[in-house]
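S.K.: need coordinates for the below:
(one chain, ligands or ions: 1)
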Amino acid sequence: MPAGRRKRVNFIKGCLVTLFLVMIITPIIISAVSLSYVRKLNDSVDELNDRISKLELTYMLKSEADEGLSQLNQEKAQKDLEEKELLSEPEETIVQEIDEVITGKKVYLTFDDGPSPNTEKILDILDEYDVKATFFVTGYQAEKHPEWYKEIADRGHTIGMHSYSHVYSDIYSSTDAFFADIDKLHDFIQENTGVDSHYLRFPGGSSNRVSRVPMSDLCSMVMDRGWIYYDWNISSQDATSPSPGKDRIKANVLAGIGEHESSIILMHDATEKNATVQALPEIIEGIQAMDDTVILPIDDKTEEIRHLSPVFEENEINDTED
Ligand code: ZN
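M.R.: Numbers count the residues shown, from 1 in each chain. I've put the predicted structure just below:
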């Protein structure tokens, strides 16, 4: 073979070998590089997956914690509610229990014409025997001692209205005069005790013969206001003159109680009624010694003992004793 041809053949061979090598080696290199890159990507993906898993776990734990917290809060709220219900329940239970217990004869001690220095003594005696009573108060006698009214209310007794001035000729001269007097008293009581009293005892009782206004008119007007008036069915007669004395007062009270399912006892706590104060401990002891008898303050459930009944038929029980 001529030297020039051989040279060309060798050149072509060299080219073919080079081409072959390039065609074979380049894909191998590319594959190797790609593989390495893919591995790196896989690693990154794995790392990301790990992170996602961790985040999911954290989120799940947080959700559970929140849920748990929310449940705890719900349980706490429920517990609080139950505690509140428990707190309010005893009141209802006590009321129910009292309703159930009060099946015997009921006795209501009532004091008219105060307050006075005697009222404080009476309050101490009532406390000593753990007894609640009812005070139908006036205004004129103690207008400079508003604390006496507050003391009655604060010590758990019922405050009822009697009359501000207690001057029969004024208060029974007209319906306007009557209600001017009683409204003055009502507001005076409310100002000084916070009690919006709706219990009334007419001076002289609803059957008094002094009023120039028909008592049936005053009774119906009082009831139209949603007030309740109470008379009495037992009188201690401590307002008669001369004073009957401690023993007579006690006997008057105790003798009448057996006759009534509800006894409303008329007594007085005015300045001069010392015999009433002296008789009171023995009166309470006498009542407490009776079977199935309970002493209570007047409330809305108290039987309405009235001389002039709501149908306004006069039962002439009483004169102007009160
Ligand atoms: Zn009176």
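S.K.: quick one: secondary structure of Glu147?
M.R.: helix (DSSP: H, G, I helix; E, B strand; the rest coil).
S.K.: over to Asp112: give its phi and psi.
M.R.: Dihedral angles of Asp112 (phi, psi; degrees, to the nearest 10) stand at phi -110, psi 160.
S.K.: wait, it touches Phe136, no?
M.R.: Yes - at 4.8 Å, Asp112 and Phe136 qualify as touching, with contact defined as C-beta atoms under 8 Å. C-beta coordinates here come from the backbone N, C-alpha and C atoms, glycine included.
S.K.: quickly list what's touching both of these two.
M.R.: Counting by C-beta atoms under 8 Å, 6 or more residues apart in numbering, the shared contacts of Asp112 and Phe136 are 162, 201.
S.K.: ok, how many other residues are close to Phe179?
M.R.: 16 (other C-beta atoms under 10 Å).
S.K.: spatially, and excluding backbone neighbours, which residue is closest to it.
M.R.: Met221 (7.4 Å; C-beta to C-beta, 6 or more residues apart in numbering).
S.K.: can you list the low-confidence ranges for the stretch 101-250 of the chain?
M.R.: 101-102 (pLDDT under 70).
S.K.: which positions in it make contact with the ion?
M.R.: Residues of the stretch 101-250 of the chain found near the ion (C-beta under 5 Å from the ion) are 112-113, 203.
S.K.: how about a markdown table for these, with neighbour count and distance to Gln141 added?
M.R.: Formatted as a markdown table, those follow (neighbours: other C-beta atoms under 10 Å; distance: C-beta to C-beta, whole Å):
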| residue | neighbour count | distance to Gln141 |
| --- | --- | --- |
| Asp112 | 26 | 11 |
| Asp113 | 26 | 7 |
| Pro203 | 25 | 13 |
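S.K.: so which of those residues would you say is closest to Tyr230?
M.R.: Nearest to Tyr230, judged by C-beta to C-beta, of these is Asp112 at 10.8 Å.
S.K.: contact partners for the closest one?
M.R.: Applying C-beta under 8 Å, 6+ apart, the residues contacting Asp112 are 136, 162, 201, 266-270, 322.
S.K.: give me the buried positions along stretch 168-182.
M.R.: 168, 171-172, 177-179, 181-182 (16 or more other C-beta atoms under 10 Å).
S.K.: so what's Glu285 closest to, chain neighbours aside?
M.R.: Glu285's closest residue in space is Tyr129 (C-beta to C-beta, 6+ apart), at 7.6 Å.
S.K.: ok, the one you found touching Pro281?
M.R.: Yes - contact criterion C-beta under 8 Å: Tyr129 and Pro281 qualify, at 7.4 Å.
S.K.: all helices for the stretch 101-250 of the chain, in order.
M.R.: 117-128, 146-154, 168-171, 175-193, 215-224, 245-257 (DSSP state H, counting those that start in this stretch).
S.K.: look up the closest residue to Glu147, ignoring the ones flanking it.
M.R.: Asn192 (7.9 Å).
S.K.: ok, that neighbour to Pro115 distance?
M.R.: 11 Å (C-beta to C-beta, to the nearest Å).
S.K.: more neighbours, the two?
M.R.: Pro115 (26 against 19).
S.K.: my guess is the more buried one meets Glu147, correct?
M.R.: No - applying C-beta under 8 Å as the test, Pro115 and Glu147 come out as separate, 9.4 Å apart.
S.K.: residues in contact with Ala279?
M.R.: Per C-beta under 8 Å, 6+ apart, neighbours of Ala279: 236, 238, 246-247, 249-250, 253.
S.K.: that one sits in which helix or strand?
M.R.: helix 274-288 (DSSP states H and E).
S.K.: quick check: mean pLDDT of that helix?
M.R.: Mean pLDDT, computed over helix 274-288, is 97.
S.K.: the inter-axis angle of it versus helix 245-257?
M.R.: Comparing the axes of helix 274-288 and helix 245-257 via axes from the mean of the first three to the mean of the last three C-alpha atoms, to 10 degrees yields an angle of 40 degrees.
S.K.: next, the buried residues of helix 274-288.
M.R.: Buried-residue list, helix 274-288, by 16+ other C-beta under 10 Å: 275-280, 282-284, 286-287.
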